[in-house]
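Asker: Build me a model:
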Amino acid sequence: MRGCIVASGTALVLTFIFLAIKALPQAVSTGAVDQPVRPLPPGLRPPSVNFRDLAAEAGLNAETISGDLDQTYVVENTGPGVAIFDYDNDGLPDILLVQGDRLHPTEPPLTPHLYHNLGGLHFEDVTQKAGIGHTGWGQGICAGDVDNDGYVDVFIGQWGHNVFLHNMRNGTFRDETRERGLDRPGSRWSTGCAFLDYDRDGHLDLAVANYIDFSAQETPRPRETSGCNWKGIPVPCGPRGLKGESMTLYHNDGHGHFVDVSKQAGVETPPEYYGFTVLTGDFDNDGWPDFYVTCDSTASLFFHNKRNGAFEEIGVGSGLAYNEDGREQAGMGATAADYDHDGRLDIFKTNFSSDTNTLYHNNGDNTFTDVTSKAGLAVHTQEVKWGTAFLDVDNDGWPDLFIASGHVYPFVEKYGLGETFKQPRRFFWNRRDGQFFDMSARSGPGITAKHSSRGIAVGDLDNDGSMEIVVVNLFEPPSLLKNFGETGNSLLVRAVTASGRDAIGARITVKSALGTQIDEVRSGGFQISQGDFRVHFGLAHDTKATVTIRWPQGKVETLPGVDANQWIVVRENKGIVERHPFGRVSARSRTERDTNDVRLPR
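Answerer: Residues are numbered from 1 along each chain as shown. Purely as a prediction, here's the structure:
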């Protein structure tokens, strides 16, 4: 997460880090806004974007706790994630906020918070009713139907013992961690996770990132002589200087029981990485899911699926381990999309302060190129960046970028470094020419408001065709961001397998007069979080599209003439089995639509 240095080492090391930061490329800025790399093309203008935080009105009032406000240890810094998924199959996505804990137990014990969606962006806290109690020190979350019964289950990565919550199909969950083979004898710090069917046997497996081999009792406290420093100030130690971890892969035996196959599957790395977010995707378009793990202060990892039940870790060779300068970065969140419509999934990663985020362009041969500066994204380096998402905010068919930020040191403002604990969000509009336009200052109070944010998740919470963003804020209730700006037509696709579960790993292609778009049904991602399984496609002013689904086991199904402005359920081998018109379709004038209509490459 940061370049913490144990004091006993050290003037030379601190000097080296200072010089390295000073030597960052000139493209790096510490706060530029609304500055594209080059002028917008003639006739193209950014849309009106107006994000407002509706969490209070929606009933999302639970505070997220992560240790104490003075943040003595690194385990208090990271904060938890959030999940959006429809746990009761009523067609309205619900919200599960992961909860941290305190080093000194409190009464009553802290719990996650499950919010049932009542419609119209109103939610009811049903945590107790759902049988969810204190789970421990929660971190990341991912969702998936592990027993193919049509109801979504949940896995929570924790500092201590992870938790698997089985959906009992009656509005309640039961902790079945041990019964499912997902417990372990000793304490461990897991962060992000993702379900994926890596061997295409029809059953969801589980990839888990692990962070630090950590014990608070054995870690120096700030301001102790053996403590750590960052930019000359005493801070919690970690992750650097603490023992790293390895990654974990669990195989589903077909009955919802898991076996740790990390070693034989090529996923058990040496214990020298600080793993955070797990991001899945078929990055080489071979029909088999790969996954990427952002790592904090160490090289990030890329596990390429060898299609024989094993992976090869090719982070360095693929270009995803480091940035364009060959440097390790403090990676946090990650998101994937085909941002330039060349038919390949690209990756965007967030990083700590005094560094840029990283946009990796997919070259199509299992290699990626860092195009951060070229894309206009080498800005806002004074912020600690966490949750992130590609999402098409204005429904023009091109995925934009959202980033949530927040420092890890509440005391940082006292030292005059130009950094604050609470920080604004960032929004970048996709210019459709390989670059992004920083609209952060003009995208509404939901973007400019300052919080110390962590995990985020994206989903259409009110089924109106535009995506909402739920943001975790430390020591505050979450934010629920809705865009009240202009939007075009859109389509939301829920793909379910023949067994009735969400088809995690399915590749969805949507073709319309606008052009061709791709995306996948995905578990995990963002920043140790889980988003809506339904896949969203902006269609601008197009009213019909052809939808093609490549199912996880390879079969391809094409559905022509699908109407826009609805969400559909497509079941493997049965076509469209449900159609739900959006409750509200945002209207834009014909002039606005024509002005912004840029055809996608075919």
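
Asker: drop to CA atoms for contacts and neighbour counts, all remaining ones
Answerer: Noted.

Asker: Can you get me the start-to-end distance on stretch 560-580?
Answerer: 17 Å (CA to CA, to the nearest Å).

Asker: What of stretch 549-562?
Answerer: 13 Å.

Asker: Show me how far it is from its chain's centre.
Answerer: Stretch 549-562 sits 26 Å away from the centroid of its parent chain (CA atoms, centre = their mean, to the nearest Å).

Asker: what does the average pLDDT come to for it?
Answerer: For stretch 549-562, mean pLDDT rounds to 98.

Asker: And the contacts of it?
Answerer: 197, 200-202, 287-288, 495, 497, 503-509, 544-548, 572-573, 575 (CA atoms under 8 Å, 6 or more residues apart in numbering).

Asker: Can you flag the buried ones in those residues?
Answerer: 197, 200, 202, 287-288, 495, 497, 503-509, 544-548, 572 (16 or more other CA atoms under 10 Å).

Asker: so of those residues, which ones are in strands?
Answerer: 495, 507, 508, 509, 544, 545, 546, 547, 548 (DSSP state E).

Asker: Next, format those as TSV and append distance to residue 164.
Answerer: Shown next, in TSV, are those (distance: CA to CA, whole Å):
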residue	distance to residue 164
495	24
507	27
508	29
509	32
544	41
545	38
546	38
547	34
548	33
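
Asker: Among those residues, which one lies nearest to residue 435?
Answerer: Using CA to CA, residue 509 comes nearest to residue 435 of those, at 22.7 Å.

Asker: Pretty sure that closest one sits against residue 521.
Answerer: No - applying CA atoms under 8 Å as the test, residue 509 and residue 521 come out as separate, 11.3 Å apart.

Asker: Show me what the residue nearest the centre of the chain bridges to in the sheet.
Answerer: With distances taken as CA atoms, centre = their mean, residue 526 lies nearest the centre of the chain, 0.5 Å away. Counting by DSSP bridges, residue 526 is bridged to residue 334.

Asker: residues touching it, list them.
Answerer: 277, 279, 333, 334, 335, 387, 388, 389, 455, 456, 457 are the contacts of residue 526 under CA under 8 Å, 6+ apart.

Asker: Mind doing that once more with 7 Å?
Answerer: Residues near residue 526 by CA atoms under 7 Å, 6 or more residues apart in numbering: 333, 334, 335, 387, 388, 389, 456, 457.

Asker: where in the stretch 51-200 of the chain is pLDDT low?
Answerer: Scanning the stretch 51-200 of the chain for pLDDT under 70 picks out nothing.

Asker: Please pull out the lowest mean pLDDT helix or strand from the protein.
Answerer: The weakest-scoring helix or strand in the chain, judged by mean pLDDT, DSSP states H and E, is helix 11-22 (a mean of 32).

Asker: Now do whatever helix or strand comes next after that one: which elements does it pack against?
Answerer: Downstream of helix 11-22, the first helix or strand assigned by DSSP states H and E is strand 51-53. Counting contacts by 3 or more CA pairs under 7 Å, 6 or more residues apart in numbering; DSSP states H and E, strand 51-53 packs against helix 445-448, strand 479-483.

Asker: List the strands paired with strand 51-53, with their directions.
Answerer: strand 479-483 (antiparallel).

Asker: Could I get the buried residue list for the partner strand?
Answerer: Quick answer for strand 479-483 (16+ other CA under 10 Å): 479, 480, 481, 482, 483.

Asker: Let me know whether residue 408 touches residue 79 as I believe.
Answerer: No - using CA atoms under 7 Å, residue 408 makes no contact with residue 79, being 9.2 Å away.

Asker: and the two? which has more neighbours close in?
Answerer: residue 79 (31 against 26; other CA atoms under 10 Å).

Asker: residues in contact with the more buried one?
Answerer: Residue 79 touches 66, 100, 139, 454, 474, counting by CA under 7 Å, 6+ apart.

Asker: Out of those, which end up buried?
Answerer: Members of the contacts of residue 79 classed as buried by 16+ other CA under 10 Å are 66, 100, 139, 454, 474.

Asker: Next step: those residues restricted to strands.
Answerer: Checked against DSSP E, the buried ones among the contacts of residue 79 include these in strands: 139, 454.

Asker: Distance to residue 84 added to the buried ones among the contacts of residue 79, as JSON lines?
Answerer: Shown next, in JSON lines, are these (distance: CA to CA, whole Å):
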{"residue": "66", "distance to residue 84": "21"}
{"residue": "100", "distance to residue 84": "18"}
{"residue": "139", "distance to residue 84": "15"}
{"residue": "454", "distance to residue 84": "15"}
{"residue": "474", "distance to residue 84": "19"}
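
Asker: Out of the buried ones among the contacts of residue 79, which is nearest to residue 434?
Answerer: For the buried ones among the contacts of residue 79, the nearest to residue 434 is residue 454 (27.4 Å; CA to CA).

Asker: dump the residue contacts of residue 60.
Answerer: Counting by CA under 7 Å, 6+ apart, residue 60 has contacts 123, 477, 478.

Asker: Run the chain-centre distance for stretch 467-485.
Answerer: 14 Å.

Asker: Would you indicate which residues of stretch 573-584 are buried?
Answerer: Those buried within stretch 573-584 under the rule 16+ other CA under 10 Å are 576, 581, 582.

Asker: ok, now stretch 438-453?
Answerer: For stretch 438-453, by 16+ other CA under 10 Å, it's 438-440, 442-448, 450-453.

Asker: any idea which of the residues you listed is closest to residue 211?
Answerer: residue 453 (19.2 Å).

Asker: wait, what's in contact with that closest one?
Answerer: So residue 453 contacts 404, 405, 406, 471, 472, 473, 474 (CA under 7 Å, 6+ apart).

Asker: Please report how far it lies from residue 300.
Answerer: 22 Å.

Asker: for residue 354, same thing?
Answerer: Distance from residue 354 to residue 300, by CA to CA: 18 Å.

Asker: out of these two, which sits in the busier spot?
Answerer: Between residue 354 and residue 300, counted using other CA under 10 Å, the more crowded position is residue 300 (26 against 17).

Asker: Could you pull up the residues touching the closest residue to residue 463 other than its chain neighbours?
Answerer: Nearest residue to residue 463, sequence neighbours excluded (CA to CA, 6 or more residues apart in numbering): residue 582, at 5.7 Å. By CA under 7 Å, 6+ apart, the contact set of residue 582 is 463, 464, 465, 565, 566, 567.

Asker: could you redo the last one with a cut-off of 10 Å?
Answerer: 462, 463, 464, 465, 466, 490, 491, 492, 564, 565, 566, 567 (CA atoms under 10 Å, 6 or more residues apart in numbering).

Asker: swap in residue 420?
Answerer: So residue 420 contacts 382-384, 406-414, 450-452 (CA under 10 Å, 6+ apart).

Asker: State the distance from it to residue 378.
Answerer: 19 Å.

Asker: same deal with residue 284?
Answerer: Residue 284 is 26 Å from residue 378, by CA to CA.

Asker: of the two, who's got more company?
Answerer: Neighbour count, other CA under 10 Å: between residue 284 and residue 378, residue 378 has more, with 23 against 19.

Asker: Now do the SS call for the more buried one.
Answerer: coil (DSSP: H, G, I helix; E, B strand; the rest coil).

Asker: The one 3 residues further on too?
Answerer: The three-state assignment at residue 381 reads coil, by three-state DSSP.

Asker: and residue 54, how many residues sit next to it?
Answerer: 18.

Asker: Leaving out chain neighbours, which residue sits closest to it?
Answerer: Per CA to CA, 6+ apart, closest to residue 54 is residue 480, 5.3 Å.

Asker: Could you do residue 187 as well?
Answerer: residue 160 (4.4 Å).

Asker: Just list whatever residues bridge to the one you found.
Answerer: Legend: beta-bridge partners of residue 160 under DSSP bridges are residue 188.

Asker: quick one: low-confidence parts of this structure?
Answerer: In the chain, residues with pLDDT under 70: 1-37, 216-217, 222-226, 584-602.

Asker: Could you rerun that using 80?
Answerer: 1-41, 216-227, 584-602 (pLDDT under 80).
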